[in-house]
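Chemist: Pasting the sequence and the predicted model now:
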Amino acid sequence: MLVPILIFDVALVAWSLHLMEKAYEHKEFSLMLAGILVALAAAAMLVVYFLMGNCMSYLLQVT
């Protein structure tokens, strides 16, 4: 399950970098903000994945 999430995260980071490049070229703040938000979403998805993985492993050990 980790591989598809990592592929999706890499795609999100690539998209955010693309948005930031376009923002720099056109001097648009909204595209820069969108790129930052997409990058934060990718990071948050990884954090939640690892937290849930630890939580599920703990719950399976308890039962």
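Modeler: Looks like it arrived, so ask away.
Chemist: from here on, contacts and neighbour counts on C-alpha atoms
Modeler: Fine.
Chemist: Now do the contacts for the spatially most central residue of the chain.
Modeler: In the chain, the residue lying closest to the centroid (CA atoms, centre = their mean) is Ala42, at 0.4 Å. Applying CA atoms under 8 Å, 6 or more residues apart in numbering to Ala42 gives the contacts Asp9, Leu12, Val13.
Chemist: go on, Tyr24?
Modeler: Met32.
Chemist: Could you list the buried residues of the strand or helix carrying the residue nearest to the centre of the chain?
Modeler: Element membership for Ala42 (DSSP states H and E) is helix 29-62. Going by neighbour count (16 or more other CA atoms under 10 Å), the buried part of helix 29-62 is Leu31, Met32, Ala34, Gly35, Ile36, Val38, Ala39, Ala41, Ala42, Met45, Leu46.
Chemist: Distance check, the last one against Leu31.
Modeler: I take that to be Leu46. The gap separating Leu46 from Leu31 is 23 Å, by CA to CA, to the nearest Å.
Chemist: Give me the subset of the contacts of Ala42 lying in helices.
Modeler: Those of those mapping onto helices are Asp9, Leu12, Val13, per DSSP state H.
Chemist: What sits closest to the first one if chain neighbours are left out?
Modeler: Yep, that's Asp9 we're talking about. Nearest residue to Asp9, sequence neighbours excluded (CA to CA, 6 or more residues apart in numbering): Ala42, at 5.2 Å.
Chemist: any weak-confidence spans in the protein?
Modeler: Judged against pLDDT under 70, the low-scoring parts of the chain cover residues 1, 63.
Chemist: circling back to that earlier point, save the buried residues of helix 29-62 as JSON lines, and put in distance to Gln61 too.
Modeler: Output for the buried residues of helix 29-62, formatted as JSON lines (distance: CA to CA, whole Å):
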{"residue": "Leu31", "distance to Gln61": "45"}
{"residue": "Met32", "distance to Gln61": "44"}
{"residue": "Ala34", "distance to Gln61": "41"}
{"residue": "Gly35", "distance to Gln61": "40"}
{"residue": "Ile36", "distance to Gln61": "38"}
{"residue": "Val38", "distance to Gln61": "35"}
{"residue": "Ala39", "distance to Gln61": "34"}
{"residue": "Ala41", "distance to Gln61": "30"}
{"residue": "Ala42", "distance to Gln61": "29"}
{"residue": "Met45", "distance to Gln61": "24"}
{"residue": "Leu46", "distance to Gln61": "23"}
